[in-house]
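Chemist: I'd like to go over a predicted model; first the sequence, then the structure.
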Number of protein chains: 2
Amino acid sequence: MKYLTDEKLTIVGAAGMIGSNMAQIALTQGLTPNICLYDVYEPGLRGVAHEINHCAFDGANVSWTTDPEEAFTGAKYILSSGGAPRKEGMTREDLLRGNCKIAEEFGKNVRKYCPDVKHVVIIFNPADLTGLVVLLHSGIRPECVSTLAALDSTRFQEAIAATVHVPQYKVTDAHTYGGHGEVMAVFGSHVRVDGRPLSEFNISPEQWEEIKRQTVQGGSNIIKLRGRSSFQSPAHHSVRMIAAAMGGDPFTLPAGRYLNSCGYEHVMMAMPTVIDSKGVHFTCPVGTKAENEALHASYEHLCEMRDEIIELGIIPEIKDWHKLNPNL
Amino acid sequence: MKYLTDEKLTIVGAAGMIGSNMAQIALTQGLTPNICLYDVYEPGLRGVAHEINHCAFDGANVSWTTDPEEAFTGAKYILSSGGAPRKEGMTREDLLRGNCKIAEEFGKNVRKYCPDVKHVVIIFNPADLTGLVVLLHSGIRPECVSTLAALDSTRFQEAIAATVHVPQYKVTDAHTYGGHGEVMAVFGSHVRVDGRPLSEFNISPEQWEEIKRQTVQGGSNIIKLRGRSSFQSPAHHSVRMIAAAMGGDPFTLPAGRYLNSCGYEHVMMAMPTVIDSKGVHFTCPVGTKAENEALHASYEHLCEMRDEIIELGIIPEIKDWHKLNPNL
């Protein structure tokens, strides 16, 4: 079996549904034989390691550990799904504090054990903030950290395809930008259906609102239907993102990354991006007036959330960021 | 994206953990763009279809249905994980009756809607019996039906590798034959470690018993560790089995199939097999005296189970099998 690289890929949160799927898909797609599964929950982690061993991937060298030093040392690529879900009685702020604390520890582990990591993909929510916290505390370059945002775009693509009755893959350039929460900017003006502009398809305002609703609610809809959060599609895209960083096919769906131009600064959010072996790059989005306003509103919302975690003392004030990460 | 074929693959039990993993892996590996997801549980099925759509596989044409006519019509390949799990208060016989009844309906759907199906992989337990029931009621040729058995062999491989401290892939020809239940035959005499016979590794009788215990208990161990049955590794192997039948890499781990020679008749069980575009073929196993005796004991056990479902009226007496399936 041929692998893209033999460098070490560490999967953080590997005992969970997303992390275990990441491990399976990464080996199925031949990313690297050297995969380290890391989680704090040992029994589940051992169970996942057995499952992966029972797949018997040719040439694979799968290890598992509950020790962060072992997990992060030598890691050149990291996929992280390792956040905590919201539990009963927790406020939104509790969840925010909890997952940002996990992100801080994660970033510090990168700084301590693998400061020369080539790419890190963060997918635990709120990913726009946890990604920022990781970037700050790890000290690595902004193009080395991306966050999962592609699902909003593929949900948008799915909703358009269902509305105009074509196979989903015939809908192209259906992208959303900005935050990965409920305040995102849905960019319809570039969408093509089988090569034709979406505007030729006479979508009514009601249909358009429904498409946007399905895009934003795609994740909660899965929870209702399956009784669990989506785990296959986030694992799928994050593995493709890290494969692109390893030199595989470039990843061209939107990813979240740190911004310092286009009028958007000091946040992580989804933009028109490409991930390749040099990391995650972005260009400024070109949209209609309404799209640009929606993107600005999403940016403002992210700035408010960022300021909230500054006030909570989770990250320092912006003027001091360069002390934590001189690349910012 | 390049697919192995564009013929229709139907996944039965697609709302479940194994079935949904099958769908993801089949598209990840590029088996066919035309995949039909079938299950009786509509909400879960819709949720899985959304997850797969959100992966946005290039060129994919994924449909879902709760209607067996729609699911089976035109299917050239079928993967089935669609059994019922044992619930509280159910006896073993209840489970046997229940899953054999599901297998009977499955076989009848094949006969009615897709009698020219090219290959069917059955993985719901007891697979040696459900596979036999499907074969009888479908009326298709024996080489067109295989059952999942490979996990016993990869668990055997894993246990040997852990004992002699080598990467798992360096252990070759670690196979088990016979039934997929607790009475299986573990064939150690062909095993090689990094090209050397296992006999050179001085495994103690206690270590050997522990290897066999881990092989047989590999599945229940995962339930203890993960709190759920294994689902990634069964999906992985069954997708590789059907890929082989589509003309992909031949599948050379043991599979269960219907036997009518080598001294083993009128059962389905694992043998040295190869699955390729012509179906599943077997050769008679060559073992030590102890291995052959273990295989015969496993066969006897399967014959008893087969006779039990004959007595329960689930399948007819052997002398009447040819009336149901003239290929037997």
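Modeler: Yes, it's here. For clarity, every value in this text was computed on a predicted model and none was experimentally measured.
Chemist: What's the separation between the spatially closest residue to A:Tyr38 that is not a sequence neighbour and A:Pro316?
Modeler: Closest residue to A:Tyr38 apart from its sequence neighbours, by C-beta to C-beta, 6 or more residues apart in numbering or on different chains: A:Ala71 at 3.6 Å. From N, CA and C alone the C-beta is placed, and that goes for glycine too. Note on A:Ala71: its distance to A:Pro316, by C-beta to C-beta, to the nearest Å, is 27 Å.
Chemist: Could you do A:Thr65 as well?
Modeler: For A:Thr65, the distance to A:Pro316 equals 31 Å [C-beta to C-beta].
Chemist: just to revisit the earlier point, residue contacts, the residue nearest to A:Tyr38?
Modeler: A:Ala71 makes contacts with A:10, A:12, A:36, A:38, A:65, A:109, as judged by C-beta atoms under 8 Å, 6 or more residues apart in numbering or on different chains.
Chemist: Swap in 6 Å and give it another go.
Modeler: By C-beta atoms under 6 Å, 6 or more residues apart in numbering or on different chains, A:Ala71 lies in contact with A:10, A:36, A:38, A:65.
Chemist: Could you name the specific helix or strand carrying it?
Modeler: Using DSSP states H and E, A:Ala71 sits in helix A:68-72.
Chemist: Any idea how far that helix is from the middle of the chain?
Modeler: How far helix A:68-72 lies from its chain's middle: 22 Å, per C-alpha atoms, centre = their mean, to the nearest Å.
Chemist: For that helix, which residues meet the burial criterion?
Modeler: Buried residues in helix A:68-72, counted by 16 or more other C-beta atoms under 10 Å in any protein chain shown: A:68, A:71-72.
Chemist: Helices along chain A, start to end?
Modeler: With helices called from DSSP state H, chain A shows them at A:17-28, A:42-55, A:68-72, A:92-113, A:127-138, A:150-164, A:205-226, A:232-245, A:289-311, A:321-324.
Chemist: Show me what the least confident helix or strand in chain A by mean pLDDT packs onto, helices and strands only.
Modeler: Here the helix or strand of chain A ranked lowest by mean pLDDT, DSSP states H and E is helix A:92-113, holding a mean of 91. Applying 3 or more C-beta pairs under 6 Å, 6 or more residues apart in numbering or on different chains; DSSP states H and E, we find helix A:92-113 packed against helix A:68-72, helix A:127-138.
Chemist: Tell me the spacing between A:Glu172 and chain B.
Modeler: Let me fix one detail, which is that residue A:172 is Thr and not Glu. As judged by C-beta to the nearest C-beta, to the nearest Å, A:Thr172 and chain B stand 11 Å apart.
Chemist: Tell me the confidence at the closest residue to A:Leu135 other than its chain neighbours?
Modeler: Spatial nearest neighbour of A:Leu135, excluding adjacent residues (C-beta to C-beta, 6+ apart): A:Val145 at 4.7 Å. A:Val145 carries a pLDDT score of 98 in this model.
Chemist: thought A:Ser230 was touching A:Asn221?
Modeler: No. Using C-beta atoms under 6 Å, A:Ser230 is not in contact with A:Asn221, being 9.2 Å away.
Chemist: So between these two, which is more surrounded?
Modeler: Counted by other C-beta atoms under 10 Å in any protein chain shown, A:Ser230 and A:Asn221 do not tie: A:Ser230 has more neighbours, with 24 against 17.
Chemist: Just give the nearest non-adjacent residue to that one, would you?
Modeler: Leaving aside its sequence neighbours, A:Ser230 sits nearest to A:Ile222 (C-beta to C-beta, 6+ apart; 4.5 Å).
Chemist: give me every residue that touches that neighbour.
Modeler: Applying C-beta under 6 Å, 6+ apart, we find A:Ile222 in contact with A:230, B:47, B:50.
Chemist: Can you tell me how far the residue nearest to A:Tyr38 is from chain B?
Modeler: 19 Å.
Chemist: And the pLDDT for the residue of the stretch 1-150 of chain A found nearest chain B?
Modeler: Residue nearest to chain B within the stretch 1-150 of chain A (C-beta to the nearest C-beta): A:Gly47, separated by 3.2 Å. A:Gly47 carries a pLDDT value of 97.
Chemist: Likewise for A:Val183?
Modeler: pLDDT at A:Val183 comes out at 83.
Chemist: Cross-check the contact I'm expecting between it and A:His296.
Modeler: No. A:Val183 is not in contact with A:His296 according to C-beta under 6 Å; the separation is 10.8 Å.
Chemist: Between the two, which has more neighbouring residues?
Modeler: Higher neighbour count among A:Val183 and A:His296: A:Val183, with 17 against 14, using other C-beta under 10 Å.
Chemist: Excluding chain neighbours, give the residue nearest to that one in space.
Modeler: A:His301 (4.2 Å).
Chemist: Compute the number of surrounding residues for that neighbour.
Modeler: A:His301, neighbours per other C-beta under 10 Å, totals 19.
Chemist: Same question for the one 10 residues further on.
Modeler: The burial count assigned to A:Glu311 is 10, neighbours taken as other C-beta under 10 Å.
Chemist: re earlier: which of the contacts of A:Ala71 has the largest number of neighbours?
Modeler: Neighbour-wise, the contacts of A:Ala71 (other C-beta under 10 Å) top out at A:Thr10, 30 neighbours.
Chemist: Name the residues of the stretch 101-250 of chain A found near chain B, please.
Modeler: Selection of the stretch 101-250 of chain A residues close to chain B by C-beta under 6 Å from any C-beta of the partner chain yields A:151, A:154-155, A:158, A:167-169, A:222, A:225-226, A:230, A:232-233, A:236.
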